[in-house]
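> Need the 3D shape of this:
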Amino acid sequence: MGITLDCINLEHNYIVINKTLQRVELKALEIIPDDELIYMFPQKIEGKKSALILKDPKTDSSTRIVYMTSQLRIEIVKRLAQIEKNKEYYGRRYQKYDYELLFSLDDGSPIEPKLCEKRFKKWQATSGLEIRPLDFHGVRHSSITYKVKLSGGDLSTVKGDSGHSTVQMVGSYADHIFDEERMELTQAMEDKFYTDEQGEDWIEKRFSQLLEQLAFLAEKDPTLLKKARTALFA
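Below you'll find the model as predicted:
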């Protein structure tokens, strides 16, 4: 929610994540260092005990570059075109609230994070997609899951996108990712390594076959069967 237009690089297809938009209690502003607070948005309702602010991310690793897929780039370009239309329509009113935010209300003012969450849940309910309800954190989890899977488990590379401070934190998301592949591997072992005739008494059958073969050879050398039995049961 804190992405500003100057953080979007369409030439090289990346977005710089270096701000976060939050609603905080006014008392909490006292403990936020001045060098972390970028801007406090004007309150539209007088007397509120909280305010929307634009600030630095909570950790250094949260500041990062995220490369855009072609699909995301198309959506970003559409959004930028809509912003220009909104500026033309609202005129001076837009200029009053023009904070250069990528995600904003039509007049340029910031969007309440909770409002965006509500709209996202409403969209899910009407989208027709057969998925369990997700919050924004769930979307992030899904993104990390797919990227770890597509990268073949390259947690270090995925960490650069996710903004986690350690590879271990990315790994905590990814513990269950390869369960499906592991189950497929188990099935392959069952289908390829073992033969169709192998059941609970497979070892006993194979052992009996071995003794029969040894007995056949023992006809030519009577001492062979005795040596084999001694070796097997030693």
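> Domains in this protein, by residue range?
Domain ranges of the chain: 5-127, 140-179, 202-232, per automatic domain parsing.
> which stretch of helix or strand covers residue 152?
With the criterion set as DSSP states H and E, no secondary-structure element contains residue 152; it sits in neither a helix nor a strand.
> what's the longest helix in the protein?
The residue-count maximum for a helix in the chain (DSSP state H) belongs to helix 70-90.
> show me where this structure has strands.
Assigned by DSSP state E, the strands in the chain fall at 8-9, 14-17, 20-25, 37-40, 50-55, 64-67.
> Packing partners of the last one?
Meaning strand 64-67. Based on contacts counted as 3 or more C-beta pairs under 8 Å, 6 or more residues apart in numbering; DSSP states H and E, the elements that strand 64-67 packs against are strand 14-17, helix 155-162. To be clear about C-beta, it is placed using only N, CA and C from the backbone, and glycine gets the same treatment.
> next one: the third one
Contact here means 3+ C-beta pairs under 8 Å, 6+ apart; on that basis strand 20-25 packs against strand 50-55, helix 113-127.
> Pick the most buried one from the ones you listed.
Among the helices and strands packed on strand 20-25, strand 50-55 has the highest mean neighbour count (mean count of other C-beta atoms under 10 Å), at a mean of 18.
> could you give the angle of that strand to strand 20-25?
Between the axes of strand 50-55 and strand 20-25, defined by axes from the mean of the first three to the mean of the last three C-alpha atoms, to 10 degrees, the angle is 150 degrees.
> Next, the angle from strand 50-55 to helix 113-127.
Between strand 50-55 and helix 113-127, the angle comes out at 90 degrees (the same axes, to 10 degrees).
> Distance from the chain centre to strand 50-55, please.
Taking C-alpha atoms, centre = their mean, to the nearest Å, one finds the center of strand 50-55 at 27 Å from the center of the full chain.
> May I have the strands that pair with that strand, each with its orientation?
Each strand paired with strand 50-55, and its direction, by DSSP bridges: strand 20-25 (antiparallel), strand 37-40 (antiparallel).
> Ok, which of those comes nearest residue 59?
With C-beta to C-beta as the criterion, residue 59 lies closest to strand 20-25 of the strands paired with strand 50-55, at 10.6 Å.
> With residue 66 as the reference, measure out to the residue most central in space within the chain.
The C-alpha lying nearest the average C-alpha coordinate of the chain belongs to residue 144 (C-alpha atoms, centre = their mean; 1.8 Å). Distance of residue 144 to residue 66, given as C-beta to C-beta, to the nearest Å: 12 Å.
> cool, residue 12 as well?
The spacing between residue 12 and residue 66, counted by C-beta to C-beta, is 12 Å.
> Name the residue in these two with the higher neighbour count.
Here residue 12 and residue 66 are compared on neighbour count by other C-beta atoms under 10 Å; more neighbours surround residue 66, at 16 against 8.
> The residue lying closest to that one once chain neighbours are set aside bridge partners, please.
Nearest non-adjacent residue to residue 66, counting by C-beta to C-beta, 6 or more residues apart in numbering: residue 15, 5.1 Å away. According to DSSP bridges, residue 8, residue 66 are recorded as the beta-bridge partners of residue 15.
> what about residue 15, distance to residue 94?
23 Å.
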